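1. predicted model and sequence below, questions to follow.
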Amino acid sequence: MTRARGALAAAATAALLALYAWAFLRAESQRALALLVLLGVAAGAVSTRTRLLARIPATSERLSQTFALLAAAALCLALREDDFELLLVARVLIVAIACLGLHIQLGYAGVLNFAGASFFGVGGYTAAVLSRSTPLPHLLVLLAGGAMAALIGSLIVVPVLRTRGHYAALVTIAFALLFRTFLEVNDALGGPQGLKLREIRIGPWRFNDPVEVGPFSGSFYLNYLALLLVLLALAWIFVQRVERSWIGIDLDAVRLDETAAAVFGLDVARWKTVAFTLGNFLLGVAGAVSAHMVGFIAPNNYSFGESLVLVSILLLGGVGNAWGVALASAIVVVLPEKLQVLQEYRFLLYAAMVVLILIFRPVGLLPRRMRRLEGVEPAP
Amino acid sequence: MTAPLLSCRKLTRRFGGVVALDGLDLQLEEGRVLGLIGPNGSGKTTFFNVLTGIFPATSGEVEFAGSRITDLRPQEVYRAGIARTFQRSRLCLPLSIFDNLMIGNHQRLNHGLWFNLVQRGALRRQIEAARAEAVELLRTFDEPLARRLPDPVSRVPMIDRRRIEICRALISRPHLLLLDEPSAGMTHEETQRLMDDLLVVKRRMARLTIILIEHEMTVIERITDRCIVLNYGRKIAEGTYAEVARDPQVRQAYLGLE
């Protein structure tokens, strides 16, 4: 009985969110948008006050995830011809995958990475070089983007491990600055002008052709969106499996108390390296897809400011909660694009959001929940 | 005469000009309970930290179960079979009781990436086995606590946190258990209850060896076989509680009497 009600609640929530997202993306007038923002804030406040979301029983979580995926797919189909709106959704998905990488690093292991955009860029540039100069299948190119980011990350992690707290974060900032300078002076990688990329091709499937299936036709972005939804689902399962295993406990122990962790045999350096590498892999894959979709990459896209945006998404959504990451990715990507007043003040908006969230809700929009280990029923 | 489980020779630890531990000699046979007492700052906790590899020894040697463990890393000391609790609780408060116990159970679980991320059926069986064992161990201490396994540690009272901390150290089945002032911050009755628990544990695990740092003299009297008194990092007395309590040097260190 509670199961059926939980499923119903999850389906209703997913449908409402998809409807809201559709309305928001389709709205043209600034007044309608402002009203929708207010509505969203009010709904959020009410559901927080009444603990509405917490009442959805955890047993129906798998259903919630399926519904969320279906709702996202339905949203894409509903927007089928609207290139700009679909591009926004695609960017939300890309940012969400990238932030799931940071989520493993910061949310689980407590490793603060201020070079998120750089690892994203490593993925993008790797994809560009590989797809321009080799006939490697594009799915492998995407994986190679992730692998390259993971590899470079495993070198950067050496100085990160030799330092603690703020100093470790400074090492990643140094890398972010070095990476951008490296790209700008490197002519083989296009220098400040950057590189052009081709579309993604998987077998006969060309991603830049409009979608036509029988009577249905839609924007070419639907190709990318289909791929991104699959990648996000995989990243999601991956992140969840990490959390709900002994590794999740290991990473939490390392984050919360390194000394106690070491006294009980945990290899602190090893777990930080694992988290950093896995996270960078996701960042790299996201970067590779993004580069192909946009068709063009340049050092400017991978600035330190973009890395800060990625970290602020985590703070906004709730450090350690994957749902929070998804929600905050949507807010941070879509809001400044739709509300034109804000566009010029994008970074100001992010800064204000982070300050407000740290003052009024330091745990983030969706705070972290207790771990549910594999096969273990959660506490009532 | 069997070889002692733990023996320290001239163990010394300096922090700059301060000699926190000054040439400590110590022998401990398997299955014994040793009390470590002394005024604040006399080097008791430093001794634990040096033993468990948190601080390297400045000089001297430690031998445990026949092999030299001086200068090993904390992880290696744990694997050799030494587990400890901390004076100020170092549990992970946001995590569940079960998660905290599993941190202590580290060496007996499979932490491979493939096992954890792909072989979920095998992982599930290992989790179930570990859970049954955790319940069993907590029951030795407190029946209701064993039912609260999925609760966050931040929600249980002080005495239960101590119990969890001791269980976290015990669950890996160490040969040597180091307890750093288990009565700190608890009322007299709570301390007595915790000591009852410890005596039960000791009866069940006859070969378990314990070193106990304590300020509560009733505790020392009740459960230790032998005591060592430290002052300014140096051993000033050794013997049964009754013997050291009579020692004039000990009385002077504690009470400042002539």
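-> Structure's in. What do you need?
2. and the helices in the stretch 51-200 of chain A, which stretches?
-> For the stretch 51-200 of chain A, the helices defined by DSSP state H, counting those that start in this stretch occupy A:61-78, A:83-102, A:116-133, A:138-161, A:166-185.
3. what about residue 231, how many neighbours?
-> Unless you meant another one, I'm taking chain A. 19 (other C-beta atoms under 10 Å in any protein chain shown). No exception for glycine: its C-beta is placed from N, CA and C like everyone else's.
4. nope, chain B please
-> 20.
5. one more: A:Leu314?
-> A:Leu314 has 26 neighbours, counted by other C-beta under 10 Å.
6. could you do B:Gly104 as well?
-> Neighbours around B:Gly104, by other C-beta under 10 Å: 27.
7. ok, B:Arg131 next?
-> Neighbours of B:Arg131 (other C-beta under 10 Å): 18.
8. please, which helix or strand holds it?
-> Under the criterion of DSSP states H and E, B:Arg131 resides in helix B:120-141.
9. pLDDT on that helix, on average?
-> Helix B:120-141 carries an average pLDDT of 92.
10. give me the distance between that helix and the centre of its chain.
-> Relative to its chain's centre, helix B:120-141 lies at 23 Å (C-alpha atoms, centre = their mean, to the nearest Å).
11. stretch A:39-46 now?
-> That offset, for stretch A:39-46, works out to 23 Å (C-alpha atoms, centre = their mean).
12. which residues does it contact?
-> Contact with stretch A:39-46 is made by A:Tyr20, A:Phe24, A:Leu52, A:Leu365, as judged by C-beta atoms under 8 Å, 6 or more residues apart in numbering or on different chains.
13. right, and the first one touches A:Val37 too?
-> Same thing as A:Tyr20. No. Using C-beta atoms under 8 Å, A:Tyr20 is not in contact with A:Val37, being 10.7 Å away.
14. out of the helices and strands in chain A, which is least certain?
-> helix A:340-343 (a mean of 78; mean pLDDT, DSSP states H and E).
15. following that one, which helix or strand shows up next?
-> Per DSSP H and E, the first helix or strand lying C-terminal to helix A:340-343 is helix A:346-360.
16. domains of chain A?
-> A:1-53+A:62-78, A:94-360 (automatic domain parsing).
17. now for the least confident helix or strand of chain A, which elements pack on it?
-> helix A:322-338 (3 or more C-beta pairs under 8 Å, 6 or more residues apart in numbering or on different chains; DSSP states H and E).
18. what residues sit buried inside the helix it packs on?
-> A:322-338 (16 or more other C-beta atoms under 10 Å in any protein chain shown).
19. contacts for stretch B:131-143, please.
-> Stretch B:131-143 is contacted by residues A:376, B:97-98, B:101-102, B:105, B:145-146, B:149, B:160, B:163-164, B:166-167, B:170-171, B:197, B:200-201, B:204 when judged by C-beta under 8 Å, 6+ apart.
20. could you give me the buried positions within that stretch?
-> B:Arg131, B:Ala134, B:Leu137, B:Leu138, B:Thr140, B:Phe141, B:Asp142.
21. leaving out the residues flanking it, which one is nearest to the fourth one?
-> Put plainly, it is B:Leu138. B:Ala146 (3.9 Å; C-beta to C-beta, 6 or more residues apart in numbering or on different chains).
22. give the burial count for that neighbour, as a bare number.
-> Count around B:Ala146 with other C-beta under 10 Å applied: 17.
23. with A:Phe220 instead?
-> 17.
24. one more: A:Gly145?
-> Other residues near A:Gly145 come to 34 when the count uses other C-beta under 10 Å.
25. before we move on, what about B:Tyr232?
-> B:Tyr232 - counted by other C-beta under 10 Å - has 16 other residues nearby.
26. nearest residue to it in space, please, no chain neighbours.
-> Leaving aside its sequence neighbours, B:Tyr232 sits nearest to B:Ser42 (C-beta to C-beta, 6+ apart; 6.4 Å).
27. surely the one you found is in contact with B:Lys235?
-> No. B:Ser42 is beyond contact range of B:Lys235, at 9.9 Å (criterion: C-beta under 8 Å).
28. these two: who's more crowded?
-> B:Ser42 (22 against 19).
29. next, the contact list for the more buried one, please.
-> Here B:Ser42 is in contact with B:Leu230, B:Asn231, B:Tyr232, B:Gly233, B:Ala253 (C-beta under 8 Å, 6+ apart).
30. need the contact list for the last one.
-> Applying C-beta under 8 Å, 6+ apart to B:Ala253 gives the contacts B:Gly38, B:Pro39, B:Ser42, B:Val229, B:Asn231, B:Ile236.
31. now the third one, what's its secondary structure?
-> Recorded secondary structure, B:Ser42: coil (DSSP: H, G, I helix; E, B strand; the rest coil).
32. how about B:Leu199, what does it touch?
-> Contacts of B:Leu199 (C-beta under 8 Å, 6+ apart): B:Ile223.
33. now do the buried residues in the host helix or strand of it.
-> Using DSSP H and E, B:Leu199 sits in helix B:188-204. Buried residues in helix B:188-204, counting neighbours by 16+ other C-beta under 10 Å, are found at B:Glu190, B:Thr191, B:Gln192, B:Arg193, B:Leu194, B:Met195, B:Asp197, B:Leu198, B:Val201, B:Lys202.
34. now do that helix against helix B:120-141, angle only.
-> 120 degrees (axes from the mean of the first three to the mean of the last three C-alpha atoms, to 10 degrees).
35. who touches the next helix or strand after helix B:188-204?
-> Past helix B:188-204, further along toward the C-terminus, the next helix or strand under DSSP H and E is strand B:209-213. With contacts defined as C-beta under 8 Å, 6+ apart, strand B:209-213 is touched by B:5-6, B:28-37, B:44-45, B:48, B:87, B:175-182, B:198, B:202, B:219-220, B:223-224.
36. could you tell me the angle between strand B:209-213 and helix B:188-204?
-> Going by the same axes, to 10 degrees, strand B:209-213 makes 160 degrees with helix B:188-204.
37. and the residue nearest to the spatial centre of chain B, bridged to which residues?
-> The C-alpha lying nearest the average C-alpha coordinate of chain B belongs to B:Leu178 (C-alpha atoms, centre = their mean; 2.0 Å). Beta-bridge partners for B:Leu178, by DSSP bridges, are B:Arg84, B:Ile211.
38. now do the contacts for it.
-> B:Phe48, B:Leu51, B:Thr52, B:Ile82, B:Ala83, B:Arg84, B:Thr85, B:Ala169, B:Ile210, B:Ile211.
39. ok, now A:Leu256?
-> Counting by C-beta under 8 Å, 6+ apart, A:Leu256 touches A:Gly110, B:Cys92, B:Leu93, B:Pro94, B:Leu95.
40. I'd like the residues you listed as TSV, with pLDDT and secondary structure appended.
-> Below are the contacts of A:Leu256 laid out as TSV (pLDDT from 0 to 100; DSSP: H, G, I helix; E, B strand; the rest coil):
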residue	pLDDT	secondary structure
A:Gly110	93	coil
B:Cys92	93	coil
B:Leu93	93	coil
B:Pro94	93	coil
B:Leu95	94	coil
